[in-house]
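Peer 1: Sequence and predicted model, in that order:
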Amino acid sequence: MTKKASGQQIKLPTGPFRAGDRVQLTGPKGRLNTITLEAGQRYGTHRGDLMHDDIIGKPEGSVILNQFGVEYLAFRPLLSDFVLSMPRGAAIIYPKDSAQIVTMGDIFPGARVVEAGVGSGGLSMYLLRAIGPEGKLDSFERRQEFADIARANVATNLGVVPDTWDIHIGDLQDQLPLKKEAASVDRIVLDMLAPWECIEECAAALVPGGLIIGYVATVTQLSRFTEGLRDSGHFNEPEAWESMVRGWHLQGLAVRPEHRMIGHTGFLVTARRLAPGTIVPNFKTRQKPDFADEDIAVWNPDHMGERKVSDKKLRKTIRSAEAAAVARSEQD
C-alpha cells in the first residue's frame, strides 16, 4: 500500500527525462504508448526495441529512434493523458467532466472539499491540484480496493500522496458526520449511484453559500437528485447540464469535424447551500403543479404540429392498399 508523504507537496517533474518518469511515446500512425523509464530496460514492439537509456537525459519533445530507426516522439503525459491510460478499478470521470467540476464547482486554492466516491483517483488529482497546499480533500469510498488503486494512481502521477488528502472507507451518510464538523466544508462532489440518499448529511457539512455538485449518468438519477435537493429546503434552485467534445481534423485545407466525438458521459448538477432557516423566495411568476393535463397536452398532435388525416383520405388509402394486395395475390 502506498503511504502518505507527510509534509510533502505536489511537485510535477520538469526538465530532462529521468529514470522513474512516465513517458508518452507517439509512434507510427500516431499510436500512443506510455512507459515508465528504467535504466537498462527496453520498450519492445514488432517494429523493434527502443532503449530506455536513449530517452533518459533527453528533453521533452525529443524524437527517439529505436534499433531500426523508427521514430518516436517523447513527452511526459498530461494529466488528461494519464487519467485515460491509468489502471482503473472503477469507471473514470472523463477529463472534460473533471474540468467542468473544477470550474463550475468553483474549486479554489485553500478550499475544503469532500468527494464521494474516489473511483480510480482521476477526479481526485484534479481536485488536489486546484485546492493547492493550503486546501483539504476528504474522499469517501465504500471499497478498500478502489481506494488503494486511487492512492497508487495519485502517487504515480503527482509523485507523492499529498498530506492534504485523506481517504475514508465507508458510506458517506455514515462517515461524513463523523469525519467533518457541521458547516466546515466548502464544496461537496458526489459521484455515486444514489446521491439523493445523503443530501441531509451534505447540507449539514456545508458552510452557508457552499456548493454541492453531483455527477449522474441517467435522466432518472438526474430527476431524483434535483427533486431531492428541492424537497430538502437546504439549497437554492439546482442547475443541470452536460458537455460534449468534438475534435477537428486539421490537414491543409481539409479542416472538418472528426467523425468520432466524446458524447454523453454524465449529467452535472449544482446547487448552493442556503443559510439555516432560509426559505427561498418564489421568483417564478407562474407555478405549475407536479402533474397537470396541460403537461400531457403538449404532446398531443395539435401541439406537435402533426397534420390530421381526413376520413376520405384514409378510405382511399385503404382501397389502394387492398387493391395492391389483390393484384399481388393474382400474380401468384
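Peer 2: Here it is on my side, so go on.

Peer 1: Which positions within stretch 255-262 qualify as buried?
Peer 2: Judged by neighbour count using 16 or more other Cβ atoms under 10 Å, stretch 255-262 contains no buried positions. To be clear about C-beta, it is placed using only N, CA and C from the backbone, and glycine gets the same treatment.

Peer 1: Between the two ends of it, how far is it?
Peer 2: Using Cα to Cα, to the nearest Å, the end-to-end distance of stretch 255-262 comes to 19 Å.

Peer 1: strand partners of the longest strand that the chain contains, parallel vs antiparallel please.
Peer 2: When the chain is parsed with DSSP state E, its longest strand is strand 206-216. Next to strand 206-216 in the sheet, as set by DSSP bridges, lie strand 185-190 (parallel), strand 267-272 (antiparallel).

Peer 1: Can you list the neighbours in contact with that strand?
Peer 2: With contact meaning Cβ atoms under 8 Å, 6 or more residues apart in numbering, strand 206-216 is reached by 93, 97, 101, 104-106, 183-191, 195, 202-203, 222, 225, 229, 235, 266-276.

Peer 1: Make TSV out of the strands paired with strand 206-216 and add mean neighbour count, mean pLDDT and distance to G214.
Peer 2: Formatted as TSV, those follow (neighbours: other Cβ atoms under 10 Å; pLDDT from 0 to 100; distance: least, Cβ to Cβ, whole Å):
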stretch	mean neighbour count	mean pLDDT	distance to G214
strand 185-190	26	98	5
strand 267-272	21	97	4
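
Peer 1: Can you say which of those is nearest to G89?
Peer 2: Of all the strands paired with strand 206-216, the one in closest proximity to G89, counting by Cβ to Cβ, is strand 185-190 (18.2 Å).

Peer 1: What lies in contact with that closest one?
Peer 2: Strand 185-190 is touched from outside by 101, 105-108, 111-116, 123, 127, 138, 172, 198, 202, 205-207, 210-215, with contacts defined as Cβ under 8 Å, 6+ apart.

Peer 1: Please repeat the previous calculation with a cut-off of 7 Å.
Peer 2: 101, 105, 107, 111-116, 123, 202, 205-207, 210-215 (Cβ atoms under 7 Å, 6 or more residues apart in numbering).

Peer 1: do the same with stretch 191-200
Peer 2: The contact list for stretch 191-200 (Cβ under 7 Å, 6+ apart) reads 93, 116-117, 119, 123, 172-173, 214-216, 224-225, 228-229, 232.

Peer 1: Now for I213, how many residues are close by?
Peer 2: By the criterion of other Cβ atoms under 10 Å, I213 has 23 neighbours.

Peer 1: any idea of the pLDDT on it?
Peer 2: With respect to pLDDT, I213 scores 98.

Peer 1: What residues are bridge-paired with it?
Peer 2: The partner residues for I213, given DSSP bridges, come to V189, T270.

Peer 1: gap between it and Q173?
Peer 2: 18 Å (Cβ to Cβ, to the nearest Å).

Peer 1: ditto for P257
Peer 2: 44 Å.

Peer 1: thinking again about what came up before, list buried residues within the contacts of strand 185-190.
Peer 2: Counted by 16+ other Cβ under 10 Å, those give 101, 105, 107, 111-116, 123, 202, 205-206, 210-215 as buried.
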